[in-house]
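*Asks:* Test case, fold it:
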Amino acid sequence: DGFVDEEEAVLHQRSNGGVNPDSKDDDDESGNEPTGTPKKRMVRRREIQFVLGPFWPMLLFITYPLIFGVSALTLRVGIPGKPWYVQLGWALTTTQLIRSLFNTGFRDPGILRRRRSPPPVGDDENDEEDRPRRRLGMRWGVEDRPWRWSDQAQSYRPGNSTYCPDCKVVIEEFDHTCPWTGTAIGKKNMASFQMFVGLVFVCLIMDIFLLTSGAM
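*Replies:* Here you go, the predicted model:
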């Protein structure tokens, strides 16, 4: 359903983690009491590495082809004969443009996992790590505003998050859904999105200058 699962059990106690039947006989023969203890296994919470937004066809078949097409034309017509520092600057900005678009369109925008109940507020050290963080003036602090039930998401969500009807998930610090990048813009991909928007104008100006200067 698009949500990250509720946190899996942090500690698992196996039923066979106690006394081993085979070792019990050996212990009895040696006169020692069974020393088996329950075994515990730590399970790390799953993290989202890559996502594909609802507008991925536009990202793959319009945005990227436009960038690659204009860049290929500039590389073939505008770059030859230019000084090395111009070629290097163009290559770096174009590469960073493609990279920032990838980090925006294929990375986690800040999806929050489904919660059937709000997190408990206490002194547990895991409680602070489990709650979202937001900017408090010049520093980052733990989100302490009350959690609210979302009928659309069928989940509790913190005050700094919003349900995205296009992606059908709750996104922390949700800003908007961008069809050009194919996904929602939230806390985790906002920096990449801002870099992408800035580099679009920089690369566009550079490409126009290189193409027109070659024709003069």
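*Asks:* all contacts plus neighbour counts: C-alpha atoms, from now on.
*Replies:* OK.
*Asks:* Surely Asn162 forms part of a strand?
*Replies:* Quick fix: residue 162 is Thr, not Asn. Yes. The assignment for Thr162 by DSSP: H, G, I helix; E, B strand; the rest coil puts it in a strand.
*Asks:* Enumerate every residue touching it.
*Replies:* Residues counted as contacts of Thr162 (CA atoms under 8 Å, 6 or more residues apart in numbering) are Val170, Ile171, Glu172, Glu173, Phe174.
*Asks:* from those residues, which two are the most distant?
*Replies:* For these, with distances taken as CA to CA, the pair at the greatest spread is Val170 and Glu173 (9.4 Å).
*Asks:* With neighbour numbers in mind, choose between those two.
*Replies:* Neighbour tally, Val170 and Glu173, criterion other CA atoms under 10 Å: the higher count belongs to Val170, 28 against 22.
*Asks:* Regarding that one, what is its secondary structure?
*Replies:* strand.
*Asks:* And the helices in the chain?
*Replies:* Counting by DSSP state H, the chain has helices at residues 21-30, 56-58, 64-73, 84-105, 125-130, 190-215.
*Asks:* how about those helices in CSV, adding mean neighbour count, mean pLDDT and distance to Ser117?
*Replies:* Shown next, in CSV, are the helices of the chain (neighbours: other CA atoms under 10 Å; pLDDT from 0 to 100; distance: least, CA to CA, whole Å):
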stretch, mean neighbour count, mean pLDDT, distance to Ser117
helix 21-30, 12, 49, 41
helix 56-58, 16, 95, 32
helix 64-73, 14, 96, 41
helix 84-105, 17, 96, 30
helix 125-130, 12, 47, 13
helix 190-215, 16, 92, 28
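*Asks:* Tell me how far Ile185 lies from Trp90.
*Replies:* Distance, Ile185 to Trp90, using CA to CA, to the nearest Å: 27 Å.
*Asks:* any idea of the pLDDT on the nearest residue to Gly53 once chain neighbours are set aside?
*Replies:* Excluding its sequence neighbours, the residue lying closest to Gly53 (CA to CA, 6 or more residues apart in numbering) is Thr183, at 4.1 Å. Here the pLDDT value assigned to Thr183 is 95.
*Asks:* Run a quick neighbour tally on Thr183.
*Replies:* Neighbour count for Thr183, taken as other CA under 10 Å: 26.
*Asks:* can you check Leu59 too?
*Replies:* The local packing of Leu59 (other CA under 10 Å) involves 24 other residues.
*Asks:* contacting residues around it?
*Replies:* Per CA under 8 Å, 6+ apart, neighbours of Leu59: Gly105, Pro179, Trp180, Thr181, Gly182.
*Asks:* got the contact list for the second one?
*Replies:* Think Pro179. Counting by CA under 8 Å, 6+ apart, Pro179 has contacts Phe55, Trp56, Met58, Leu59.
*Asks:* Next one: it from Gln152, what distance?
*Replies:* Distance from Pro179 to Gln152, by CA to CA: 22 Å.
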